[in-house]
Every structure is written in C-alpha cells, then in structure tokens.
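In: Structural data only, the sequence is not supplied:
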C-alpha cells in the first residue's frame with residue numbers, strides 16, 4: 001500500500017513538473033501586442049509563431065509614423081512591438097520611449113546585412129533591428145516617356161506638363177528638390193530650403209496632382225507619364241505592368257529603414273525579442289519581402305530571392321547610388337520650416 005502511494009505520488013509530481021515545463025516553454029497565456037504598418041507582414045506568420053511558441057499575437061496597424069508615435073507617447077497603450085521608420089525611431093529613442101534590446105535573445109541579428117546596421121538613427125542598434133527598407137524614386141510610363149529616366153530633373157521637363165504626380169508629403173517633396181540641387185534632404189539651412197521651395201513653385205504648373213496611395217491606380221490607368229512613388233509600390237507595379245518602370249535617380253534619394261523596436265510600455269520584453277528573432281529568420285523575411293515588395297535586410301532571404309529581384313539595381317542599390325542616399329533624420333523644431341514651405345507651395349495658384 002505504501003509502495004503504491006509513493007509511486008502514485010511520484011507520478012503526480014512528474015506530471016506536474018512536465019506541465020510546468022511545457023507551460024514555461026510555450027509561454028501559455030501571453031499575448032503580444034504588435035503595432036505595425038498596414039499590409040506589412042504575411043499574416044500566416046502570426047499563426048506559425050503561436051504554433052511554435054504558444055504565444056498569441058494581437059496585431060493592429062497604423063497609417064503613419066506620427067499616428068504610432070502619438071499612441072505610444074500617450075502612455076495609454078501597452079504595445080510590445082512597434083515598427084518606426086528611421087527619423088521616428090531616433091525621436092522615440094531620444095525621448096526615452098523605447099527599451100534597449102537584449103541581443104542575446106536576438107541571435108538572428110547577425111544575419112542582417114551590415115549596410116542596414118549602425119545607421120545614424122540608431123548607431124549601435126541598441127533599440128532596433130532592421131525589418132524592411134526601400135527608397136523613394138520615379139515610376140514612369142515607357143509608352144509615354146521614350147528618353148532615359150535617371151535624374152530628378154525630368155520632373156521639371158515642360159514636355160510632361162500635367163502628366164506628373166508628386167507625393168503629397170512635405171519631406172518627400174522637398175527632399176526631391178533638395179537632392180536635385182545637390183543638397184542634403186535633412187538640411188535646415190534657410191538658403192537651401194528657399195532654393196528648394198523656388199524649385200517646387202517652378203515645378204507646380206507641370207504637376208497633374210499631389211497624391212498618396214491613389215498614384216498606383218492612376219499610373220496603371222495611364223493618366224500620368226511620371227510619378228514620385230515608394231519603391232515597394234513601384235517595383236510591384238513594374239513586375240505586374242510591363243509598361244511601367246521604377247528608377248532611383250542618380251542624385252540619390254531617401255533610403256528608409258523600418259525597424260522592429262520595443263516600447264517602454266511592453267509587458268513582455270523577452271517574448272517580444274523572441275518574435276523579433278523569429279521575423280529575422282530566413283523564411284519569414286523572404287515571405288514578408290515577397291508580399292510587401294520592399295527589400296529585405298536579411299542576407300539569406302535576399303540570396304533566396306528570384307534573380308530579377310536581387311540583381312535589380314533599383315531595389316538593391318549600387319554602391320555609387322547608395323552613398324548618395326540618406327535616411328531622414330529627426331529635425332526637431334526645424335520640421336516646422338518644412339511644414340511652412342510645403343503649405344506655401346501648395347497654396348500658390
């Protein structure tokens with residue numbers, strides 16, 4: 001009787017230990033709050049992560065860096081992961097809104113291309129791991145534009161009057177003009193900004209419309225000859241419609257990086273780092289890049305891409321062009337100069 005009781009006791013203890021181990025290993029009961037751009041992930045990966053680690057994900061989206069910033073800054077959210085762009089990441093780190101990463105929990109950071117690491121907005125990647133990158137460039141209709149397109153200058157060519165779409169965003173529009181003039185797209189110099197303003201006013205009679213997402217449909221429909229556009233949209237349209245071509249101008253452009261970061265509101269930092277590490281594996285990185293259309297910083301995923309993608313110099317830039325590209329910096333109060341200029345340009349009749 002004593003033998004049976006002891007055996008039963010040991011069996012119960014063993015079961016309890018196993019259950020505790022499984023519970024700890026699978027992180028049962030934890031839900032990660034992930035806040036990302038819209039259409040910026042293969043949603044099946046969320047299920048696969050849960051199946052692998054037992055961690056649920058509540059996934060919500062935002063439209064702009066500013067929307068995300070306000071939500072985190074308010075202190076009312078409990079997001080575990082956000083995906084800010086370069087200048088916004090810099091701002092959030094400076095305002096002490098982010099947690100420093102424990103890179104021992106993110107070994108896959110070693111699979112990120114060095115060109116994407118130690119960027120000016122996070123010099124030692126203390127707060128972020130690159131997730132996706134791209135550029136702003138020119139999409140043109142080959143049926144309407146027969147000359148080579150390799151410079152911002154073509155957007156000031158009168159032969160394309162009322163056939164040009166420009167992004168309705170102050171930094172993108174001013175950045176285009178500043179690069180045309182040979183200046184930094186992060187300048188705060190009043191003289192340089194005035195010259196860029198004059199260029200945009202000179203260009204305005206040629207512009208068919210200042211646009212956002214609708215530029216894709218309008219270029220597909222053949223309404224315009226030239227458009228300023230984000231590389232993901234431009235490269236996807238190029239693949240789908242043979243008469244459209246995306247290029248990065250030789251003067252350089254905005255090379256942006258969206259990165260995975262953990263706000264101070266996070267209640268599950270270790271699990272958030274586990275999810276970041278998962279997204280930096282080869283397969284998730286490859287699938288996300290294919291779906292979204294932007295370039296992946298994950299080296300194994302890049303090498304696994306189709307030849308026409310990984311060898312496309314307008315996707316993965318040549319060293320010469322890359323040197324001329326810049327990340328947007330957080331301009332602080334100086335952003336008001338850009339806001340004022342853009343308002344003035346758009347108000348010109």
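Out: Ah, there it is. Remember, predicted model here, so these are calculated numbers, not experimental data.

In: who's in contact with the residue lying closest to residue 151 once chain neighbours are set aside?
Out: Spatial nearest neighbour of residue 151, excluding adjacent residues (CB to CB, 6 or more residues apart in numbering): residue 249 at 5.3 Å. The way it works is simple: take the backbone N, C-alpha and C, and place the C-beta from them, glycine included. Residues in contact with residue 249, defined by CB atoms under 8 Å, 6 or more residues apart in numbering, are 137, 138, 150, 151, 152, 179.

In: The nearest residue in space to residue 183 that is not next to it in sequence: neighbour count?
Out: Excluding its sequence neighbours, the residue lying closest to residue 183 (CB to CB, 6+ apart) is residue 192, at 4.7 Å. Residue 192 has 16 neighbours, counted by other CB atoms under 10 Å.

In: Quick check: which element contains residue 192?
Out: helix 190-203 (DSSP states H and E).

In: Can you spell out which helices and strands pack onto that helix?
Out: helix 170-181, helix 335-347 (3 or more CB pairs under 8 Å, 6 or more residues apart in numbering; DSSP states H and E).

In: Contacts for the last one, please.
Out: If I follow you right, that is helix 335-347. 170-171, 173-174, 188, 190, 193, 196-197, 200-201, 204, 210, 331.

In: Identify the residues contacting the residue nearest the centre of the chain.
Out: For the chain, the residue sitting closest to the mean C-alpha position, by CA atoms, centre = their mean, is residue 258 at 3.2 Å. By CB under 8 Å, 6+ apart, the residues touching residue 258 are 37, 40, 83, 84, 85, 130, 131, 132, 133.

In: can you rerun that using 6 Å?
Out: By CB atoms under 6 Å, 6 or more residues apart in numbering, residue 258 lies in contact with 83, 85, 131, 132.

In: my read: the third one touches residue 260, true?
Out: To tie it back to what came earlier, the one meant is residue 131. Yes - counting by CB atoms under 6 Å, residue 131 does reach residue 260; the two are 4.9 Å apart.

In: Between these two, which has more neighbouring residues?
Out: residue 131 (29 against 26).

In: Would you mind listing the outside residues contacting the one helix or strand residue 275 maps to?
Out: Element membership of residue 275 [criterion: DSSP H and E] is helix 269-279. Contact with helix 269-279 is made by 27, 30, 32, 49, 55, 80-81, 105-106, 108, 129, 260, 262, 266, as judged by CB under 6 Å, 6+ apart.
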